Structures are given as structure tokens and as C-alpha cells.
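K.L.:
let's see this in three dimensions:
(2 chains)
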Protein chains: 2
Amino acid sequence: MKPLILVTNDDGITSKGIKVLIEEMSELGEVFVVAPDSPNSGMGHAITVASTIHIKKSPIFGSIESYECSGTPADCVKLAKHEFLKDRKIDLLVSGINHGANSSISVIYSGTMSAAIEGAIEGIPSIGFSLDDFDYNADFGHIRKYVREIAAHVLKNGLPADTALNVNFPKASAGPIKGVKVGRQTRGYWHEEFDSRVDPSGRPYFWMGGHYVNSEPKAEDTDVWALENNYVSVFPCHFDLTHYKALAEIKGLEDII
Amino acid sequence: MKPLILVTNDDGITSKGIKVLIEEMSELGEVFVVAPDSPNSGMGHAITVASTIHIKKSPIFGSIESYECSGTPADCVKLAKHEFLKDRKIDLLVSGINHGANSSISVIYSGTMSAAIEGAIEGIPSIGFSLDDFDYNADFGHIRKYVREIAAHVLKNGLPADTALNVNFPKASAGPIKGVKVGRQTRGYWHEEFDSRVDPSGRPYFWMGGHYVNSEPKAEDTDVWALENNYVSVFPCHFDLTHYKALAEIKGLEDII
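P.N.:
As a prediction, this is how the structure comes out:
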């Protein structure tokens, strides 16, 4: 029996990236799609707890069973796992291919990776794929074989417990890919610069902007270094937010009252 | 000079929890408020990247400078840090007090904790406070002294690098608090049960529901155990999502193509 592969993303069901991902996954198994009906970039690990989630069957991918969902990427995974596929085993979850990299601190804001992490929480081998190119018509040709081979490897070998893979690809115009680097998330942050404006009714509003600051630009074991040097970056992503190394230092809080 | 304390939350600026938090923080320093103008529960670490963020000065807390924001909790922190307070040092960020616990896996979906984690990313000593009581009129009386003392302790001593504190309190009706426990995030997950309905136009929709499953109910060093046994739970929360222990196991991915 063919493996069952759940596909989702955060750019929405009409994006080019999810189309490419579905084409590649169709080579490996039975594909089932539940994806947002509109862009959900920057959605982080949001879920829809206080309002309704609408779902509509979509003809967009022909014979592949596909649903568009008014909710977030994490909602899509929860709905697929606990409603549409609740009586079946999902062998692999893939999210993306995102238009734009999800490296360093950006992972925490990423809808693409929230879907993969949600899959890992549910015990499904899960991968988030992102291309370092925001263009609507981005060229995905150079990464197709990597997407297929990495997914096939995970289908065959599984992943360590409590792990979602975060896979980022250099853009096509950066030249030939040099290989795959397994590394870690880069330390860094966004220095925001808000563009302050006034709407036609005289009310102030803002656009969020800014630039990324890499706190360790020379660290060759990081995801940003790999991308900047034309490697495919892979890092294992977990969801235990306990900062174990800090436990001893804050133990004194037990005695303050 | 009084320390500068930034207050935000995810239940929105009109909730009881943020009012209590502002009252307690006013005892410790100069309070500045930027909070969502509507409930943002379950918002995770979402940010507003593709649309506008509206801000309005709010008279709700009298002489305390307060703004209501159309964005997410993480947006509120970014706006405060990089726009309103960009020329000042924020000595402490507090988020909450949330109506409802943010323990175990729920931390990843939490707007309250996303604000505290965003503060930690920005290098601000940051705390998220939550009460294990969803009631709109929840009783916060029994936790006021803990909120004040924990915040005062962090103002005086700081926090370990890259750490946001996650503080959860038992509900008032559970009886006297036994003390503070510093521990770790409990392993667990939500088993979702979707309530499927049809709207007046014949279109299907869902409400997300479900129940929490604790994978280690007897582990006395966890946040859920502490809460269930009437302790204040404190755990140090980080934002490095690299699963270091899994690195060696996936190293083989470097050789698949």
C-alpha cells in the first residue's frame, strides 16, 4: 500500500510552492491536502479557538483529495489528523514549499514550520520546506530532487522522536547547490523599523518592517551560514520550550515567599 | 529613577487579568501598556506582516500611558520596543495575567507566552503570568503577592540569558497555595475533537474542541503536577528550537544526494 502523505503550507492553497510539493510527493505516495485558503505568513503557531473554521473541497489539484481551510496552518494539521484522516495512519507530513526562508529566529514566526511542528507533536514524521526566494513565481526546479529525496529518506527511516525537520533551500539564481548541511538554528533577531502612517480618517497605523541581525555570522554549523554558502540547510526542530540549563539559576524563586 | 515596566497580554486590554497586573506593577515602577484591542487567545507567536497595525491611545488605566493595538501580542511587544520606547531601556516585560493556564504543550499556542518570549528575544527580562481559571471574573486576589514578589525578584536579579519565565497559578477555589515550584514543561498534547456543523447557507464548518492528554501525570518536576497540587509553577522558557540531541541521528541526510 502506498504511504499516506499529508501536505499543507502557509502561503495558501493557490501558491506555486505547494503545487511543486504535491507534484513531488505524488511520486512517493498517496497525497492528501489540507491547506489555508489564503496567505498565513507570520502566523506562528496560532490556532483558531474562539471562532469557526470553514472547509471547502478544492478541485485545484485534480484527482488529489484537497481541502481549503479558513484556519491557520496548525488548524489544517489538527483537522486532517483528528477529523479527515482520524481512522488512518499518516506516514509523512510535509509543509511548504514556503516562498521565503525560514531560518534562524524566523522559525518561531513561521506558519510553515508551525504546521510541521504540530505534526511532530502528533507523532507524525514531519518536514517543513522553504526556499530563500519570496517571488510569487519563484523557480523551484533546482530543488525538486532534494525535496523528493529528503522526503523519501524520512518515509523510509523516520525521524528522531519529537523532531520536525526544518529544510531551507538557496534560491535558483544563487548558482549550483553544493550539498546538504545538517546544523543548528542561528542566533539572531529582527530589528524592526515601523513605517508610521495616517489613514484617510486621520487614524495612525503602522507597517512592520525591519532587517535581520545575525548574531553569529561566521558560525559554519548554522542554518543561515549554510544558506548563504549555497548549501541546503537542515536542522532538527523540537517543541520542548524548557530552558534546562537555566533551571538551577532560577531555583531561588522557590524561596521568595 | 523608577524602573520601566512594559505590560501586555493576549486576552485584550479590557480583561480583568491585565488590570490586576497593572495594579501590582504600579507598586514597582513606571508602567507602560501596549495590549491587543481584542482577545488573542491561541494566537501563538503570530505577527502582522502582510497588513496594517492600528494603534489607539486608551484612557482605560487613567494616568498610565496605555495603547490598544489591532495586532497580536508579539506585535505589541515589537511596537513598544522599536517604536514607542525605542529611546528608553525597558527593565521588565510582563504579560498576562492570562485567564486560563499556559502549561505543558499549550505554551506553544499561547499569545501570553509569545509576548514574553518576544521580550526575551529582544533581551528584556520577561515574564508570562497565567491563572488556571478561564472565568471572565476570575478571582486574582490570592495571587497578587506572588505576582508582585516574582516581578520584584526579576527586576532585582534579572533572568538567565535567552529566558522568559512562565508562571502559572492555581485557581482561588483550589485552596491555599502551598508554595512555588521551579520545574519543567510537561510532556503532553491536545486530543482534538472537532464539532462539525452546517451554516445557514449549507456550508460545513467546525469548532475546535478536545481534551488535554498528560503523557507523564506522575512526574513531580513538571508544571502540570505543580498546578494540580496547588503550587505556583515556574519554568524557564527558551526560544532555541534546535533539537541538539537529534543532530547526530540525522547527520546521514548530508549524504543522500
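K.L.:
how far away is A:Ala172 from A:Leu131?
P.N.:
Distance of A:Ala172 to A:Leu131, given as Cβ to Cβ, to the nearest Å: 8 Å. All C-beta atoms are positioned from the backbone trio N, CA, C, and that covers glycine.
K.L.:
who's in contact with A:Gln136?
P.N.:
Check again: residue A:136 is Tyr, not Gln. Taking Cβ atoms under 8 Å, 6 or more residues apart in numbering or on different chains as the contact definition, A:Tyr136 lies against A:Ser15, A:Lys16, A:His99.
K.L.:
which one's more surrounded, A:Ala172 and A:Leu131?
P.N.:
Of the pair A:Ala172 and A:Leu131, A:Leu131 is the one with more neighbours under other Cβ atoms under 10 Å in any protein chain shown, namely 28 against 18.
K.L.:
tally of neighbours for A:Met25?
P.N.:
Considering only other Cβ under 10 Å, A:Met25 is surrounded by 25 other residues.
K.L.:
A:Thr52 too?
P.N.:
A:Thr52 sits with 14 neighbouring residues when counted by other Cβ under 10 Å.
K.L.:
that one touches B:Trp207, doesn't it?
P.N.:
Yes. Using Cβ atoms under 8 Å, A:Thr52 makes contact with B:Trp207 at a distance of 6.3 Å.
K.L.:
which residues do these two both contact?
P.N.:
Here A:Thr52 and B:Trp207 have B:Arg197 as joint contacts, going by Cβ under 8 Å, 6+ apart.
K.L.:
confirm A:Glu23 sits in a helix?
P.N.:
Yes. The assignment for A:Glu23 (DSSP: H, G, I helix; E, B strand; the rest coil) places it in a helix.
K.L.:
which residues does it contact?
P.N.:
Residues touching A:Glu23, when contacts are defined by Cβ under 8 Å, 6+ apart, comprise A:Arg144.
K.L.:
so for it, what's the pLDDT?
P.N.:
Confidence at A:Glu23, expressed as pLDDT, is 98.
K.L.:
and what of A:Asn40?
P.N.:
87.
K.L.:
one step back: overlap in contacts of A:Ala172 and A:Leu131?
P.N.:
Common contact partners of A:Ala172 and A:Leu131 (Cβ under 8 Å, 6+ apart): A:Ala138, A:Phe140.
K.L.:
excluding covalently adjacent residues, which one is nearest to A:Gln185?
P.N.:
Closest residue to A:Gln185 in three dimensions, ignoring its sequence neighbours and counting by Cβ to Cβ, 6 or more residues apart in numbering or on different chains: B:Thr242, at 4.6 Å.
K.L.:
residues near A:Ile60, how many?
P.N.:
Neighbouring residues of A:Ile60 were enumerated by other Cβ under 10 Å; the total is 15.
K.L.:
wait, isn't it in contact with A:Asp37?
P.N.:
No. Checked against Cβ under 8 Å, the pair A:Ile60 and A:Asp37 is beyond contact range at 10.7 Å.
K.L.:
mutual contacts of those two, please.
P.N.:
Common contacts of A:Ile60 and A:Asp37, defined by Cβ under 8 Å, 6+ apart, comprise A:Ile13, A:Glu68.
K.L.:
now the strands: where do they sit in the stretch 101-250 of chain A?
P.N.:
With DSSP state E, counting those that start in this stretch applied, the stretch 101-250 of chain A shows strands at A:126-131, A:164-169, A:179-182, A:188-192, A:195-198, A:204-207, A:210-214, A:231-237, listed in chain order.
K.L.:
and those as TSV, adding mean pLDDT?
P.N.:
Formatted as TSV, these follow (pLDDT from 0 to 100):
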stretch	mean pLDDT
strand A:126-131	98
strand A:164-169	98
strand A:179-182	97
strand A:188-192	94
strand A:195-198	95
strand A:204-207	95
strand A:210-214	95
strand A:231-237	98
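K.L.:
which pLDDT value belongs to A:Ser104?
P.N.:
The confidence metric pLDDT takes the value 97 at A:Ser104.
K.L.:
tell me the contacts of it?
P.N.:
For A:Ser104, the set of contacting residues under the criterion of Cβ under 8 Å, 6+ apart consists of A:Gln185, A:Thr186, A:Arg187, A:Gly188, A:Tyr212, A:Asn214, A:Thr222, A:Asp223, A:Val224.
K.L.:
again, but for A:Gln185
P.N.:
Under the contact definition (Cβ under 8 Å, 6+ apart), the residues listed for A:Gln185 are A:Ser103, A:Ser104, A:Ile105, A:Val107, A:Asn166, A:Thr222, A:Asp223, A:Phe235, A:Cys237, B:Asp240, B:Leu241, B:Thr242.
K.L.:
so how far is B:Pro204 from it?
P.N.:
From A:Gln185 across to B:Pro204, the span is 39 Å (Cβ to Cβ).
K.L.:
now A:Gly44. Nearest residue, chain neighbours left out?
P.N.:
In space, not counting the residues next to it along the chain, A:Gly44 is nearest to B:His45; the distance is 3.4 Å by Cβ to Cβ, 6+ apart.
K.L.:
show me which of the contacts of A:Ser104 are buried.
P.N.:
When burial is judged by neighbour count using 16 or more other Cβ atoms under 10 Å in any protein chain shown, the buried members of the contacts of A:Ser104 are A:Gln185, A:Thr186, A:Arg187, A:Gly188, A:Asn214, A:Thr222, A:Asp223, A:Val224.
K.L.:
in these, find the pair that's most separated.
P.N.:
Among these, the pair separated by the greatest distance (Cβ to Cβ) is A:Gln185 and A:Asn214, at 11.7 Å.
K.L.:
burial check on the residue nearest to A:Ser196 when sequence neighbours are not counted, number of neighbours?
P.N.:
In space, and not counting its chain neighbours, A:Ser196 is closest to A:Phe206: 5.6 Å by Cβ to Cβ, 6+ apart. By other Cβ under 10 Å, the residues close to A:Phe206 number 22.
K.L.:
got the residue ranges for the helices in the stretch 101-250 of chain A?
P.N.:
If DSSP state H, counting those that start in this stretch is used as the criterion, the helices of the stretch 101-250 of chain A fall at A:111-121, A:144-157, A:223-228, A:247-250.
K.L.:
list phi and psi for A:Asp11.
P.N.:
Taking degrees, to the nearest 10, you get phi -80, psi -10 for the backbone angles of A:Asp11.
K.L.:
any idea how far it is from chain B?
P.N.:
With distances taken as Cβ to the nearest Cβ, to the nearest Å, A:Asp11 is found 11 Å from chain B.
K.L.:
good, wrapping up.
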